[in-house]
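Participant: sequence first, predicted model second:
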Amino acid sequence: MESSIEGSLARAVRGSVRSDPTALGPFRHDRSHLEGVPVAVVVPADADDVVSLVRWARRTRVPLIPRGGGTSLDGESVPSDGSVVVDLSSWNAVLEVDRGELWARVGPGIVNLDLQAALRPYGVFFPPNPGSWTVATVGGNLGTNASGPRSFRYGPTRAWVRAVEAVLGTGERARFGTLVAKRSVGPDLLPLIVGSEGTLAIVTEIAVRLAPLPARREGLVFPLPAGASLGAVARRLRQSTEAGLSAVEYMDRASAAVLAERRTVEWPTGTALLLLELEAEDDRDAALRRERLVGILRSVGVDRSPTVFADADHLWTLRGESSVALDERTGHRIREDVAVPLGRIDELLLRLEEIGRGADAPYYLFGHLGEGSFHPNYACDPASPTGDRIRRAVLSAALALGGTVSSEHGIGRLKVDFLEQELGPTAVDLLQGLKRRFDPDGILNPGKLYPPLPPREGGRPSPSLSGSGAARTPGD
């Protein structure tokens, strides 16, 4: 069967086709605990080749799984059994940079940090910087509407995409958005693609918005006193527009300790930490803003002096290693992504601790404090019944406090059951209607984001959402 599909694919596309076990191995999983078994990996030659690939998939009814860096955490890029992975990681060119109008055209496979390096000589940057920015692709950032520390000031990926070229599940090429500064020609379809997790279209090119690179950008790490109200800290910093803050992050004592064991860190240990990024015009401006910030924090009980990182990027790269450090400590674990209004932060944190104690699971927490967005981690097998109970308890707690089950990681396969709880049945029905229009045969990234579609007209079920095509947890 595999060789037959490989031969059929080779005749349909001009790009490379691989089906040997060595080539398929890295594509069976993402950074979640899920895995699936693809039958082939295709690297399309160009956008026209993607059109040919989608038309082949429609004829053969074989699902396609778009993939970049494979850093998704909820199974977004895990293949369904019998699917074909569309590897776009080599589509990593910076095609054009317009410094005057602040945009760049890039391939979806360019790694976030590589894009930042390419833009630096122009004096501009792409603001979204998720924790996995050293390996995550911009196409993947778009697929999940990723954020990162700088979203405190700059917002998520959705705010920084100007236009997208893509191939729909119909095999049609389409362009969403525009390079002009503003346009009024009806509802904007571009936001439908951002956050769609590859379920509506395969993105072949992205035009991203850019921002001027600050003259100075430093990182600050403040030890937090025991019992500090994180909600009060977050609200006070959100109100402090004069401080020049672009990131407000939190790392609990346990997470900071694990990171310190992995490598030498330049900040105090034995305490929870407040991690900030400050933007300034020059050294004098930075010193004035830092002094002002110290006074602001003293008003909410944070009274110790900060450790200063002259290069904030070094701080965020170090902060990004916390997940790797926890991988080494706990192995597979539950790592969630929820957010609540700032006024409910302290209630959420109490509930998250209770969930860990009730399950007797070691608990670690870090996240984007300034936006009420947190990543609770529990040292528990995520595929076990206990792991499932913990995940459901965490997501339910966020919803009960007026929050969301995903602030930046997406829905993937792990949170499909919670989509309707958050959005309501009418909104889900609208989303499923969009799915049918963009991908009538259900061949694009099946089983992700949307609850199972009802049978199509005539009673024939959508093959992409049948149980036989679902990704598996190891040991299934």
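Facilitator: Noted; the coordinates are in hand. These figures come from a predicted structure and were not determined experimentally.

Participant: switch to C-alpha atoms for all contacts and neighbour counts from now on
Facilitator: OK.

Participant: in the helix or strand bottoming out on mean pLDDT in the chain, what counts as buried?
Facilitator: The helix or strand of the chain with the lowest confidence, counting by mean pLDDT, DSSP states H and E, is helix 2-12 at a mean of 83. By 16 or more other Cα atoms under 10 Å, the buried positions in helix 2-12 come out as 5-6, 9-10, 12.

Participant: elements contacting that helix?
Facilitator: strand 16-18, strand 40-43, helix 47-60 (3 or more Cα pairs under 8 Å, 6 or more residues apart in numbering; DSSP states H and E).

Participant: and the angle from it to helix 47-60?
Facilitator: 130 degrees (axes from the mean of the first three to the mean of the last three Cα atoms, to 10 degrees).

Participant: coming back round to it: looking at the helices and strands packed on helix 2-12, which is nearest to Gly171?
Facilitator: Comparing the helices and strands packed on helix 2-12 by their distance to Gly171 (Cα to Cα), the top pick is helix 47-60, with 5.2 Å.

Participant: hmm, who's touching that closest one?
Facilitator: For helix 47-60, the external contacting residues (Cα atoms under 8 Å, 6 or more residues apart in numbering) are 9, 12-15, 44, 63-64, 167, 169-173, 202, 204, 441, 443.

Participant: Trp133 sits in which helix or strand?
Facilitator: Trp133 is part of no helix or strand, with elements assigned from DSSP states H and E.

Participant: and it, how far is that from Gly148?
Facilitator: Distance, Trp133 to Gly148, by Cα to Cα, to the nearest Å: 9 Å.

Participant: more neighbours: those two, which one.
Facilitator: Gly148 (25 against 22; other Cα atoms under 10 Å).

Participant: which ones are touching the closest residue to the more buried one other than its chain neighbours?
Facilitator: Nearest residue to Gly148, sequence neighbours excluded (Cα to Cα, 6 or more residues apart in numbering): Pro130, at 3.8 Å. Taking Cα under 8 Å, 6+ apart, we find Pro130 in contact with 136, 141, 146-149.

Participant: now rank those by neighbours and give me the top one.
Facilitator: Asn141 (32 neighbours).

Participant: for that one, give its distance to Phe222.
Facilitator: Remark: distance between Asn141 and Phe222 (Cα to Cα) = 29 Å.

Participant: about what we covered before: and the contacts of helix 47-60, which are buried?
Facilitator: Neighbour-count burial (16+ other Cα under 10 Å) applied to the contacts of helix 47-60 gives 9, 12-14, 44, 63-64, 167, 169-171, 173, 202, 204, 441, 443.

Participant: among those residues, name the ones in strands.
Facilitator: Among the buried ones among the contacts of helix 47-60, the members found in strands (DSSP state E) are 64, 167, 173, 202, 204.

Participant: tally up the residues packed near Ala166, please.
Facilitator: Ala166: 23 surrounding residues under other Cα under 10 Å.

Participant: that one touches Leu190, doesn't it?
Facilitator: No - contact between Ala166 and Leu190 fails when scored by Cα atoms under 8 Å: they sit 10.7 Å apart.

Participant: which strands or helices does the lengthiest helix in the chain pack on?
Facilitator: Longest helix in the chain by number of residues, with DSSP state H as the criterion: helix 312-330. Counting contacts by 3+ Cα pairs under 8 Å, 6+ apart, helix 312-330 packs against strand 216-224, helix 253-262.

Participant: hmm, back to that, farthest pair within the ones in strands among the buried ones among the contacts of helix 47-60?
Facilitator: By the measure Cα to Cα, Leu64 and Arg173 form the most distant pair in these, at 16.2 Å.

Participant: residues making contact with the least confident helix or strand of the chain?
Facilitator: Residues contacting helix 2-12 (Cα under 8 Å, 6+ apart): 16-19, 39-40, 52-53, 56.
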